[in-house]
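K.L.:
okay, predicted coordinates and the sequence, questions at the end:
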Amino acid sequence: MITVTAINSIDDPRISAYRSLKVRPPGKEGLFIVESKPAVNALMESGLRIESCLTTQKTYDEFCLRMPRLDDRAISFYIMDKKSIEDVIGFRFHHGIMMAAHLPEKASAEETSGSWRSPHLLVALNGIHDPQNVGLIVRNAAAFGADALIVDPGTHEPFYRKVARISMGSVFNIPVSYEEDLADALKGVKEKYGTRIVVPSPVTSERDINETDLSGNICIVLGNEASGASADMMDIADVKVRIPLCFERADSLNVACASAVFLHRASLSRF
């Protein structure tokens, strides 16, 4: 059952998970924070364990009481006024509600492979450290039916509050795998499942996406915004693919935009 408690002090230890979020590293104490109503609703629909909710009385009355699956969850709701919440979190309280939930146990690509469909569509993130790009890619991956997201140590944590918000909670609808050595992991996926590694590239001499077969088992590797996919990703690529552009006006797309193009094209061969 839920409990609702008015918090009168910004130093109350019960709300420590929300303190100084602007500088707080993701995953501290095994928790992540979700903000915004769409992301909170998606979290409530997921199977993840929720610790608590920090919100105002107005938002609790108008939104929280209509949350899905509220009756069967053990969640502590902490009620504060807007100014006090801002003092706790360290920035303006735009979205009216926050939740603290337990991070899922980290799994490798192989450990999530049982949930992949046939043919499968995987997305690997290679050194993407901008949380906005990660959030948009996660949203695109979920929208176009990707079976899993595989991230390397250089990629921003997908459960970070800004990523979860930008993804509109889509991160809760797609398995996330973590690999210390992404190239080695993808080699294993290629060998075991016959997965083709597809790497987007802005180089004009690479294969045009309009002439590329994206059916079957594939993994699209998305690289860093500035430098692209790493050399070891290029080495294991089965095909390097470009999106044709009007190069006198732009030399490349933002990585999140490119992900939407590739995922849409790949989805057309599956649905």
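P.N.:
Happy to help now that I have it. Numbers count the residues shown, from 1 in each chain.

K.L.:
domain parsing for the protein?
P.N.:
Following automatic domain parsing, the chain resolves into domains at 3-102, 109-268.

K.L.:
and the residue nearest to Phe159 when sequence neighbours are not counted, what helix or strand is that in?
P.N.:
Distances taken as CB to CB, 6 or more residues apart in numbering place Phe32 nearest to Phe159, at 4.2 Å, with adjacent residues excluded. Just so you know, the C-beta spots here come from the backbone N, C-alpha and C atoms, and that holds for glycine as well. In this structure, Phe32 sits in strand 31-35 according to DSSP states H and E.

K.L.:
ok, then the element right after that strand?
P.N.:
Downstream of strand 31-35, the next assigned helix or strand under DSSP H and E is helix 37-45.

K.L.:
buried ones in stretch 229-240?
P.N.:
Of all the residues in stretch 229-240, those buried under the rule 16 or more other CB atoms under 10 Å are Ala229, Ser230, Met233, Met234, Ile236, Ala237, Lys240.

K.L.:
the third one and Leu65, how far apart?
P.N.:
If I follow you right, that is Met233. From Met233 over to Leu65 the distance is 48 Å, taken as CB to CB, to the nearest Å.

K.L.:
what of the last one?
P.N.:
When distance is defined by CB to CB, Lys240 is 52 Å away from Leu65.

K.L.:
equivalent analysis for the fifth one, please.
P.N.:
Look at Ile236 and Leu65: by CB to CB, they are 51 Å apart.

K.L.:
low-confidence regions, the chain specifically.
P.N.:
25-26, 28, 68-71, 204-205, 246-251, 271 (pLDDT under 70).

K.L.:
can you do 80?
P.N.:
For the chain, the stretches flagged by pLDDT under 80 are 1, 22-29, 65, 67-73, 202-206, 225-226, 245-253, 270-271.

K.L.:
what ranges do the strands span in it?
P.N.:
Taking DSSP state E as the criterion, the chain contains strands spanning 3-6, 31-35, 50-55, 76-79, 97-102, 121-126, 148-151, 176-178, 196-200, 207-208, 218-223, 239-242.

K.L.:
neighbouring strands for the last one, and are they parallel or not?
P.N.:
What that stands for is strand 239-242. For strand 239-242, the paired strands and their directions (DSSP bridges) are strand 196-200 (parallel), strand 207-208 (parallel).

K.L.:
please enumerate residues in contact with that strand?
P.N.:
Contacts to strand 239-242, defined as CB atoms under 8 Å, 6 or more residues apart in numbering, come from residues 196-204, 206-209, 212, 234, 262.

K.L.:
how far is that strand from where the chain is centred?
P.N.:
Relative to the mean C-alpha coordinate of its chain, strand 239-242 is positioned 24 Å out (CA atoms, centre = their mean, to the nearest Å).

K.L.:
all helices for this structure, in order.
P.N.:
Ranges of helices in the chain, per DSSP state H, are 37-45, 57-62, 82-89, 109-112, 131-143, 161-166, 182-193, 231-236, 255-268.

K.L.:
and of those helices, who's closest to Glu225?
P.N.:
Using CB to CB as the measure, helix 255-268 is the one of the helices of the chain that comes nearest Glu225, at 5.1 Å.

K.L.:
deepest in the core, which of the domains of the chain is it.
P.N.:
Among these, domain 109-268 has the highest mean neighbour count (mean count of other CB atoms under 10 Å), at a mean of 19.

K.L.:
ends of that one, how far apart?
P.N.:
24 Å (CA to CA, to the nearest Å).

K.L.:
now do stretch 220-239
P.N.:
Separation of the first and last residues of stretch 220-239 by CA to CA is 10 Å.

K.L.:
stretch 164-181 now?
P.N.:
Start-to-end, stretch 164-181 (CA to CA) is 24 Å.

K.L.:
next one: stretch 27-44
P.N.:
19 Å.

K.L.:
what comes into contact with that stretch?
P.N.:
17-18, 21, 26, 50-51, 53, 63, 67-70, 73, 95-103, 157, 159-161, 164-165, 167-170, 172-173.

K.L.:
please apply the same query to stretch 77-94.
P.N.:
Residues from elsewhere that reach stretch 77-94, judged by CB under 8 Å, 6+ apart: 2-7, 10, 12, 14-15, 18-23, 52-57, 60, 64, 98.
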